[in-house]
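1. Sequence plus the predicted model coming up.
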Amino acid sequence: MAAGRRGRANSAFVFAVVGDRHVAGVKTALLFLKKFSRAEIFVIRSRSQSRIQHDQVMTVQLPDALDDRQATIFLKTAIAGYVRGLAKYFCYLDSDVIAVHDEVDSIFDKRSGAINFALDHVNIDQFSPWAVNCGCSGGSCRHLRDAIANTFDVGVASGDWRLWNGGVFLFDENSEEFLAAWHKMTLAVFDDPYWKTRDQGTLAATVWKLGYQEQRPLDSEFNLVVDRMWGIPQQRRDRATISDFQCRRDYSLTGEDNLMAPRLIHFINGGVGQKGWKNWDDVHALIRRSRWQRRPEN
Ligand SMILES: [Zn+2]
């Protein structure tokens, strides 16, 4: 509970999870975060009675009309309203974001401006076929930018613009205009079959609508996107095995060789718990080291 370091006493991490499967999935992220952070940690959950071994879990009701995937995105983009008053500074985390460094709480020192995100590993045109049902089979296209223009009347000037990744963001009371716009745009496309049910395309639309596209992002050490499926075509992903997975070797969890030392790793596309894959095995090894006094839950 106690956040001992000066300036971080009013800081809290927040997870938002919907449905039994998603609630089960947050347990690993929680285990690691509790090892490395001294900040408060809140878990906001809905549609699950599944037990979570944590002292700050809040259960909320979400609109019945939404399916679980939509409800997850609804809760995430409305998160400020659910945690208002519980701390001064917040860091939202997707449940596949894993803390790997005992300076993870230094992220709160980076809070500035309206809101703070790190960059994704792709630009907007590369992400486009994953955001809208344009039928393109990969590579780049401008259909997401066209959809943002058609749906929201917002122009995204460059296909090279790096997306902001929605898995980690710092917010406080000054973030409410941004988050309200993101929430509203996200709900607006739930019933539009051309848009896939994701929050990242509407995040880009929000950034450009409000004029934040040149804002300095969080350093990638606070949201290092590690994608086991990188380079594997969509139609082959169901059958992909460990030998197919992308393995990144450009960072280090133990600080050697002047490599980047990430604080938070974002294992997109299902990398959490993938034993036998180096990028996960290295993380898993952290929990076994003896220098921590507290034992893992579960
Ligand atoms: Zn396309």
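-> Looks like it came in fine. Just so you know, these numbers come straight off a predicted model, no measurement behind them.

2. From now on I want contacts and neighbour counts done on CA atoms only, so please keep to that.
-> Noted.

3. Which residues are in contact with the nearest residue to residue 166 once chain neighbours are set aside?
-> In this structure, residue 166 finds its nearest non-sequential neighbour in residue 200, 6.2 Å apart by C-alpha to C-alpha, 6 or more residues apart in numbering. With contacts defined as C-alpha atoms under 8 Å, 6 or more residues apart in numbering, residue 200 is in contact with 131, 163-166.

4. so what's residue 205 up against?
-> 148, 152, 154, 156.

5. in which helix or strand would I find it?
-> Assigned by DSSP states H and E, residue 205 belongs to helix 200-210.

6. How about residues contacting the next helix or strand after that helix?
-> Later in the chain than helix 200-210, the nearest helix or strand by DSSP H and E is strand 224-227. The contact list for strand 224-227 (C-alpha under 8 Å, 6+ apart) reads 120-121, 246, 248, 262, 264-269, 271.

7. Export the residues you listed as CSV, with columns for pLDDT.
-> CSV is the format used below for the contacts of strand 224-227 (pLDDT from 0 to 100):
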residue, pLDDT
120, 94
121, 90
246, 93
248, 94
262, 97
264, 98
265, 98
266, 97
267, 96
268, 94
269, 92
271, 94
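
8. Give the helix, strand or coil label for residue 12.
-> strand (DSSP: H, G, I helix; E, B strand; the rest coil).

9. gap between it and residue 84?
-> 11 Å (C-alpha to C-alpha, to the nearest Å).

10. picking that back up, now find how far off-centre the helix holding residue 205 is within its chain.
-> 16 Å (C-alpha atoms, centre = their mean, to the nearest Å).

11. Mind listing what's buried along that helix?
-> Neighbour-count burial for helix 200-210, counted by 16 or more other C-alpha atoms under 10 Å, picks out 200-209.

12. do the same with stretch 60-71
-> Buried, per 16+ other C-alpha under 10 Å, within stretch 60-71: 62, 68, 70-71.

13. for those residues, which one is nearest residue 193?
-> residue 70 (13.1 Å; C-alpha to C-alpha).

14. what's near enough to touch the closest one?
-> 190, 197.

15. One more: the one 4 residues further on?
-> Residue 74 sits next to 183, 186-187 when contact means C-alpha under 8 Å, 6+ apart.

16. returning to what we had before: format the contacts of residue 205 as CSV; extra columns: secondary structure, pLDDT and distance to the ion.
-> What follows is the contacts of residue 205, written out as CSV (DSSP: H, G, I helix; E, B strand; the rest coil; pLDDT from 0 to 100; distance: C-alpha to the ion, whole Å):
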residue, secondary structure, pLDDT, distance to the ion
148, helix, 97, 13
152, helix, 97, 18
154, coil, 98, 18
156, coil, 97, 15
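
17. Would you list the buried entries among those residues?
-> By 16+ other C-alpha under 10 Å, those give 148, 154, 156 as buried.

18. Distance-wise, check the second one relative to residue 145.
-> As for residue 154, its distance to residue 145 is 9 Å (criterion: C-alpha to C-alpha).

19. do the same with the last one
-> Per C-alpha to C-alpha, residue 156 is found 6 Å from residue 145.

20. ok so residue 265 is a strand residue?
-> Yes: Residue 265: assigned to a strand according to three-state DSSP.
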